[in-house]
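**Student:** Need a 3D model of the sequence below.
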Amino acid sequence: MLSQLPDREYQRPVDVSKAFGEVARSYLQNASYPARRGDLAASAREQGADQVVLDAIVIIPDEQYEDADAVIVQIIDVG
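**Tutor:** Just a heads-up that it's a prediction; the model follows:
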């Protein structure tokens with residue numbers, strides 16, 4: 001997972017979480033919203049997301065998400 005993060009210096013763990021959110025966002029932007037957790041995981045899988053991203057999606061609460069930003073907030077909070 002770390003190899004997918006942007007090549008820059010991270011000061012705090014939250015900075016790493018935010019960077020991971022940026023990586024995950026690239027697989028979530030094209031999902032059809034509103035969407036639930038299972039739909040988001042399926043969409044990310046279809047777009048070639050690796051297992052780390054998929055694992056992050058499947059542990060968020062199973063609720064309806066209105067956009068990629070709402071999903072990223074959950075990923076960062078849960079992570």
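**Student:** any idea where the helices of the protein begin and end?
**Tutor:** With helices called from DSSP state H, the chain shows them at 13-28, 37-46, 51-58, 68-78.
**Student:** could you dump those to CSV with mean pLDDT and mean neighbour count?
**Tutor:** C-beta coordinates here come from the backbone N, C-alpha and C atoms, glycine included. Putting the helices of the chain into CSV (pLDDT from 0 to 100; neighbours: other C-beta atoms under 10 Å) gives the following:
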stretch, mean pLDDT, mean neighbour count
helix 13-28, 81, 17
helix 37-46, 96, 17
helix 51-58, 90, 17
helix 68-78, 88, 17
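**Student:** Look up how far V71 lies from the most centrally placed residue in the chain.
**Tutor:** Nearest residue to the geometric centre of the chain (C-alpha atoms, centre = their mean): A24, 3.4 Å. Here A24 is placed at a distance of 8 Å from V71 (C-beta to C-beta, to the nearest Å).
**Student:** Need the overlap of contacts for these two.
**Tutor:** Residues touching both A24 and V71 by C-beta atoms under 8 Å, 6 or more residues apart in numbering: I57.
**Student:** right, and S32 touches D39 too?
**Tutor:** Yes. Counting by C-beta atoms under 8 Å, D39 is a contact partner of S32 at 7.3 Å.
**Student:** picking up where we left off before, list the contacts of the residue nearest to the centre of the chain.
**Tutor:** A24 neighbours (C-beta under 8 Å, 6+ apart): A44, A49, V53, A56, I57, V71, I72, I75.
**Student:** just checking, the fifth one touches V78?
**Tutor:** The one in question is I57. No. Judged on C-beta under 8 Å, I57 makes no contact with V78 at a distance of 9.9 Å.
**Student:** How many neighbouring residues does the residue nearest to G38 when sequence neighbours are not counted have?
**Tutor:** Computed as C-beta to C-beta, 6 or more residues apart in numbering, the closest residue to G38 that is not its neighbour in sequence is D62, at 7.4 Å. Residues lying near D62 (other C-beta atoms under 10 Å) number 8.
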